[in-house]
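**Student:** let's see this in three dimensions:
(one chain, ligands or ions: 2)
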Amino acid sequence: MSAELVLSLKNIEKSFTGVRALKGVDFDLNRGEIHALVGENGAGKSTLVKALTGIVEKDSGEILYLGHYFNPRSPKQALEMGIGIVHQELNMMDHLTVAQNIFIGRESTTAGGWFLNEREQNRRTEELLKRLKMNIEPDVTLGSLTVGKQQMVEIAKAVSHDLRVLILDEPTAALTDNEISELFAIMRDLASQGVGMIYISHRMDEIGKITDRVTVLRDGEYVGTRTTSEVTKAEIINMMVGRTIYEAPKTTSNVAPDAPVVLKVDRLNAGRLVKNVSFELRRGEILGFAGLMGAGRTETARAVFGADQIQSGTIQIKGRPVLIRTPADAVAHGVGYLSEDRKRYGLALNLTVKENAVLATYEKFQKGLFVHAKRVESVTEEYVERLSIKTPSIDQILRNLSGGNQQKVVIAKWLIRNCDILIFDEPTRGIDVGAKSEIYSLMNELANQGKSIIMISSELPEVLRMSDRVLVMCEGRVTGQLDIADANQEEIMKYATMREQE
Ligand SMILES: Nc1ncnc2c1ncn2[C@@H]1O[C@H](COP(=O)(O)OP(=O)(O)OP(=O)(O)O)[C@@H](O)[C@H]1O
Ligand SMILES: [Mg+2]
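**Tutor:** Ligands and ions are numbered 1, 2, ... in the order given. I've put the predicted structure just below:
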């Protein structure tokens, strides 16, 4: 089979102030090929595809596209030339409808007029979504959808153009297993039509499943390219991080049977997805929350944290009934929540790393009217070090950090707050394998120090590796609670799909 080259990037260089993000990177893409681009957080993946789509301007190097030199000035121009990108961060307007988001900038007009033809736009969107087998209504506002569904809309938007190259920058981080299979079906279909795809992901299993070749970047440098079918997961990880990482599931609980209950939630009802939820969390315990997306895990966490209103039920902390009406109440009772949707709830992108790090703890660093700047700096430095946050300095604006490193800053924020009860919602989403194992050991360390952790995770291997006990939810109800010694993927899935009518 002779492959037809669509795209060839040679010796791409890009520096930002203080950071050499790309140090002479090569990359090429064939017609109909799915080519993975992998590397640790901050390795330069997003920067490379941004240079290719005119979002950032490369310093040097060349791009050949369909045999011609190509120097895109804007993403719009790249798109017109047939190169589309779905970004790591959602990029759409919450208050607009699905159809409006898809057609933004190229709205259908009524014949001869300047007015938007809403109905036509909705009809075309409906057709598109149906063709892609996405179960989403064209006329609902984007903000009312789950993060996963919003991501699917963003993919639909890219695919609605006539593309030769589609770039997907971590498209699956927020998707359910079903949505991921839908996406893979769409990708295979596009590949068969000759569209080449650049696929960025931290999930090694996906890379084995869907890609033809893998290119690895490390610290802005090109490490190598392999044919997916001829390389093992361990080899790729080794190319990425320069060492071997071993992940073993937990087999027994680390919590003493008589450890005191620190959080007791009793028959909690909130919104549509929290129905009579009861559970206990012990000192030093890591309680895994498993379930399919939409099971009500995040909603339960938000209700306990005071982010959503509780309709009925009680919460006790360390044996005392407490009233939690707002996140501030929760924080005052020592409860921290690391949100799954960090862009919306967790971070201030225009502030610096150190400002974000102390966001939940500002009062601790105040002396009179002033802020104890030295202490803010030393504590931030400490956590940048402990979590290996890749940033040129703690004064860097958060927006300029790579996606994964932004997430580590949220984790730092709650660790600095020193909460006794921590709720981690999808803590390793978008985080590379090396940093993942750092976050795991950090969570174990916190539990050993007597902190109690609720870990919501959609990745079963992660649940099985970290939890002392697993609580499973389905459609808003707790359907099972398993000791880690009795938990396995099949058992968890059984409870995760245990619907009420059965
Ligand atoms: N606009 C910017 N200003 C300053 N530095 C930047 C900017 N954009 C990226 N960087 C830096 O360039 C490096 C590469 O970042 P990039 O976003 O390409 O990483 P990545 O491989 O996509 O990581 P992740 O897996 O975390 O998304 C990082 O050190 C990042 O902090
Ligand atoms: Mg990135």
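
**Student:** and the residue of the chain found nearest ligand 2, what does it touch?
**Tutor:** Distances between the chain and ligand 2 by CB to the ion are smallest at S46, namely 3.1 Å. Glycine gets a C-beta too; all of them are placed from N, C-alpha and C. Going by CB atoms under 8 Å, 6 or more residues apart in numbering, S46 touches 88, 169, 200, 402-403.

**Student:** residues touching L338, list them.
**Tutor:** 346, 410-411, 414, 422-425, 427.

**Student:** ok, how many other residues are close to L415?
**Tutor:** 22 (other CB atoms under 10 Å).

**Student:** my read: L79 touches H161, true?
**Tutor:** Yes. L79 lies in contact with H161 (CB atoms under 8 Å); the separation is 5.9 Å.

**Student:** ok so, going back, tell me which element the residue of the chain closest to ligand 2 falls in.
**Tutor:** helix 45-52 (DSSP states H and E).

**Student:** cool, Y440 as well?
**Tutor:** Per DSSP H and E, Y440 falls inside helix 433-448.

**Student:** interface residues of this structure facing ligand 2?
**Tutor:** Selection of the chain residues close to ligand 2 by CB under 5 Å from the ion yields 46, 88, 402-403.

**Student:** now, those that are in strands?
**Tutor:** Using DSSP state E, no member of those sits in strands.

**Student:** farthest-apart pair in those, please.
**Tutor:** Maximum pairwise distance among these (CB to CB): 8.7 Å, between Q88 and S402.

**Student:** who in the protein is up against ligand 1?
**Tutor:** With CB under 6 Å from any ligand atom as the criterion, the chain comes near ligand 1 at residues 16, 19, 21, 39, 41-47, 88, 390, 400-405, 432.

**Student:** mind doing that once more with 5 Å?
**Tutor:** When proximity is defined as CB under 5 Å from any ligand atom, the chain approaches ligand 1 at 16, 19, 21, 41-47, 400-404.

**Student:** out of the residues you listed, which is most surrounded?
**Tutor:** Top of the residues of the chain next to ligand 1 by neighbour count (other CB under 10 Å): K45, with 31 neighbours.

**Student:** returning to what we had before: helices - which of the residues of the chain next to ligand 2 land there?
**Tutor:** 46, 403 (DSSP state H).

**Student:** so where's the stretch 51-200 of the chain uncertain?
**Tutor:** 107-116 (pLDDT under 70).

**Student:** who wins for neighbours among the contacts of L338?
**Tutor:** The contacts of L338, ranked by neighbours (other CB under 10 Å): first place I423, 29 neighbours.

**Student:** beta partners for that residue?
**Tutor:** Y337, I454 (DSSP bridges).

**Student:** give the contact list for it.
**Tutor:** 301, 304-305, 335-338, 453-454, 456.

**Student:** okay, and A330 sits in which element?
**Tutor:** Applying DSSP H and E as the criterion places A330 in helix 327-332.

**Student:** so can I have a markdown table of the contacts of L338 showing pLDDT?
**Tutor:** Formatted as a markdown table, these follow (pLDDT from 0 to 100):
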| residue | pLDDT |
| --- | --- |
| G346 | 69 |
| V410 | 85 |
| I411 | 84 |
| W414 | 85 |
| L422 | 94 |
| I423 | 95 |
| F424 | 93 |
| D425 | 91 |
| P427 | 87 |
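
**Student:** biggest separation within the residues you listed, which pair?
**Tutor:** Using CB to CB, those span at most 13.3 Å, a distance reached by G346 and L422.

**Student:** bridging residues for K23?
**Tutor:** Applying DSSP bridges, one finds that K23 bridges with E13.

**Student:** and the strands in the stretch 401-502 of the chain?
**Tutor:** Counting by DSSP state E, counting those that start in this stretch, the stretch 401-502 of the chain has strands at residues 421-425, 452-456, 469-474, 477-483.

**Student:** and the stretch 201-350 of the chain, by the same measure?
**Tutor:** 213-218, 221-227, 261-270, 274-282, 286-290, 312-317, 320-322, 335-338.

**Student:** can I get the CA coordinates of the third one in CSV?
**Tutor:** Read it as strand 261-270. Only the C-alpha atoms of strand 261-270 are listed here, as CSV (Å, rounded to 0.1, in the frame of the first residue of the first chain):
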residue,chain,number,x,y,z
VAL,A,261,-17.0,8.0,60.2
VAL,A,262,-16.2,11.6,59.1
LEU,A,263,-19.0,12.2,56.7
LYS,A,264,-22.4,10.6,56.8
VAL,A,265,-24.9,11.4,54.1
ASP,A,266,-28.4,10.2,54.8
ARG,A,267,-31.2,9.9,52.3
LEU,A,268,-30.1,12.9,50.3
ASN,A,269,-32.3,14.2,47.5
ALA,A,270,-31.3,17.0,45.1
